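A.B. asks: need a structure here:
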Amino acid sequence: MKVRFPRLVDGRRAYCVVERSDGVRYQISEGIASSAVPHDLVHFVAERETGEDGGFWGAVAEGAVFKSMKHLDGRRPPHAADRSAAAIRARSDRLQRAELMAGLVARVADERITSTAQVRTAASDVLSTLPDARVDELRVMAAADVLRQVAERWARLAPGEELVMEWPDAGGKRRRRNGWTCP
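C.D. replies: Numbers count the residues shown, from 1 in each chain. Modelled structure (predicted):
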């Protein structure tokens, strides 16, 4: 699955475009565009790099369609609504964790945390509302590093340019080394 994150003029309504492997495309709306990395892009990097595929992007890759998504084109597969409901239901307990993990990865990136002990401390704080706050500290630090790289690329984009991210196929195919491209 490819997701295109266009860099908009600040103050406009931000969105991204999902191109699923079945040929269906959706637009996902989010908040107001600013110079900061879009929230959905932070989630994308955090979920993909930590392997937390139980979140929003893992659900979208499996066929979930959330209220923030608008169908653009492509024929939806048979029983798409049932598949969407099943993908969301299967993740109901993990969607909150994925949301918090994005916050954890962003915090580790912003604070440039470099030790597993510091990641554990941050995780116990950020994930304190969950029954299990354990994380793979090395994966979180690696995800934070990728997020910093993506943020640097994002900062260099001019309005009208886009960052294209790839989500690994369900069959386990790996993405390109950094998982992102830019025209």
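
A.B. asks: which residues touch the residue nearest in space to the middle of the chain?
C.D. replies: Nearest to the geometric centre of the chain sits residue 44, at 1.3 Å (Cα atoms, centre = their mean). Contacts for residue 44 (Cβ atoms under 8 Å, 6 or more residues apart in numbering) come out as 3, 57, 165, 167. In this view, the C-beta of every residue, glycine as well, is placed from N, C-alpha and C.

A.B. asks: mind running it again at 6 Å?
C.D. replies: By Cβ atoms under 6 Å, 6 or more residues apart in numbering, the residues touching residue 44 are 57, 165.

A.B. asks: Please report the distance of it from residue 64.
C.D. replies: 14 Å (Cβ to Cβ, to the nearest Å).

A.B. asks: Same question for residue 78.
C.D. replies: Applying Cβ to Cβ, the value for residue 78 to residue 64 is 16 Å.

A.B. asks: which one of those two has more residues nearby?
C.D. replies: Neighbours of residue 78 and residue 64, each counted by other Cβ atoms under 10 Å, are more numerous for residue 64; the result is 22 against 7.

A.B. asks: The closest residue to the more buried one other than its chain neighbours: what's it in contact with?
C.D. replies: Of all residues not flanking residue 64 in the chain, residue 87 sits nearest, at 3.9 Å (Cβ to Cβ, 6 or more residues apart in numbering). Residue 87 is in contact with 59, 62, 63, 64, counting by Cβ under 6 Å, 6+ apart.

A.B. asks: what about burial for the residues you listed, which qualify?
C.D. replies: Buried members of the contacts of residue 87, scored by 16 or more other Cβ atoms under 10 Å, are 59, 62, 63, 64.

A.B. asks: Save those residues as JSON lines, and put in secondary structure, distance to residue 28 and pLDDT too.
C.D. replies: Conversion of the buried ones among the contacts of residue 87 to JSON lines gives the following (DSSP: H, G, I helix; E, B strand; the rest coil; distance: Cβ to Cβ, whole Å; pLDDT from 0 to 100):
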{"residue": "59", "secondary structure": "helix", "distance to residue 28": "12", "pLDDT": "91"}
{"residue": "62", "secondary structure": "coil", "distance to residue 28": "15", "pLDDT": "88"}
{"residue": "63", "secondary structure": "coil", "distance to residue 28": "14", "pLDDT": "89"}
{"residue": "64", "secondary structure": "coil", "distance to residue 28": "11", "pLDDT": "91"}
